[in-house]
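J.: I would like to see how this sequence folds:
(2 chains)
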Amino acid sequence: MDWKKFLIAFFAAFGFIFVFGFIWYGTLMYGAHQEVSTLFRTKPDFPWLILGHIVMAFFLTLLCAKFVPAGGAGTCALLGILVALIYVGAHLITFAVQPITSKILWGWNVGALVQFAVAGAIIGVIYKPSVPATTRV
Amino acid sequence: MKRFVFAFLAAFIFIFLWGWFYNGVLLKDVFAEVQSLFRPREEIMSLFHWIIIGQAGLALSFVMIYATGFAGGGIAAGVRLGIMLEILAVSARCAIYATQPFPAKFLVLVSVGGFIEMIVTGLIVGAIYKPAVARTS
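T.: All right, here's what the predicted structure looks like:
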């Protein structure tokens, strides 16, 4: 594994996931979340939010490195979409058991698909292990 | 394709039964402590189809990720994939803890169940699904 590129890909993925999360879930979906404000804390616990995003970015990068050793935006974006579909499954279960609105459900689902597809593409572009040099005789 | 369908069905049946046994039976009292964050039982039953669809989507995504990137590694690769995907789920639970007033104990117990669920799912999928090349050799 090329650890230097792995770390750069991880930092880039973390930056994107965190900024996207802030804009999508924290700003654009703020009104939707306020409709069921009793389900949410009045102020997010930021250290846990940041830790969650770090772990998320790290393991998505690790998954891409194992799944697509050659890298590539398209293939890693596809993996991101497949990972997002697992989150979509979890969101559907959450919708059945917690009183969130369907607006929140579909907002979370679209957010997860965009977030993981783009984060996967970013990782795929950056994480490309260098091909060993070959000598022509 | 036949093995893909078998792996999906086996994974889905396990996830469904484990979800019912762990969350519905073993953690019944733990869920009762945070009842205010959940729908009433009758409402959950009326939305039960979303739980089925969510769990089926989760099983399908797992088998798709395994089949497209990990299938050569057998049971060990399935278990590794399960652990990686559950760590991604734990990262999402950190974000849930940061934004929703769940007690830490609740999320830790749900995560313990999640690890068992994904490890066994990986074991099942790894044992059933074999890529065409591996089967013929």
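J.: which intervals of chain B have sub-threshold pLDDT?
T.: B:133-137 (pLDDT under 70).
J.: which residues in chain A form helices?
T.: A:3-21, A:30-34, A:46-67, A:73-97, A:102-126 (DSSP state H).
J.: list the buried ones in the fourth one?
T.: Neighbour counts over helix A:73-97 (16 or more other C-beta atoms under 10 Å in any protein chain shown) mark A:73, A:75-97 as buried. All C-beta spots, glycine's among them, are computed from the backbone N, C-alpha and C.
J.: Likewise for the first one?
T.: Taking 16+ other C-beta under 10 Å as the basis for neighbour counts, the residues of helix A:3-21 that come out buried are A:5-6, A:9-10, A:12-14, A:16-18, A:20-21.
J.: Please list which of these are also close to chain B.
T.: residue A:21 (C-beta under 8 Å from any C-beta of the partner chain).
J.: Tell me which two in the buried residues of helix A:3-21 are the farthest apart.
T.: A:5 and A:21 (23.9 Å; C-beta to C-beta).
J.: Which residue is the nearest non-sequential neighbour of residue B:124?
T.: Excluding its sequence neighbours, the residue lying closest to residue B:124 (C-beta to C-beta, 6 or more residues apart in numbering or on different chains) is residue B:10, at 5.0 Å.
J.: now that neighbour: how far from chain A?
T.: Separation of residue B:10 from chain A (C-beta to the nearest C-beta, to the nearest Å) stands at 17 Å.
J.: before we move on, what about residue B:45?
T.: 9 Å.
J.: which SSE is that residue in?
T.: Using DSSP states H and E, residue B:45 sits within helix B:41-46.
J.: what distance separates that helix from the centre of its chain?
T.: How far helix B:41-46 lies from its chain's middle: 21 Å, per C-alpha atoms, centre = their mean, to the nearest Å.
J.: try stretch B:98-117
T.: Mean C-alpha position of stretch B:98-117 versus that of the full chain (C-alpha atoms, centre = their mean) differs by 13 Å.
J.: pretty sure the residue nearest to residue B:124 is touching residue B:128, no?
T.: Yes - the pair residue B:10 / residue B:128 is scored as a contact, 5.8 Å apart, by C-beta atoms under 8 Å.
J.: which stretches of chain A have low pLDDT?
T.: A:129-137.
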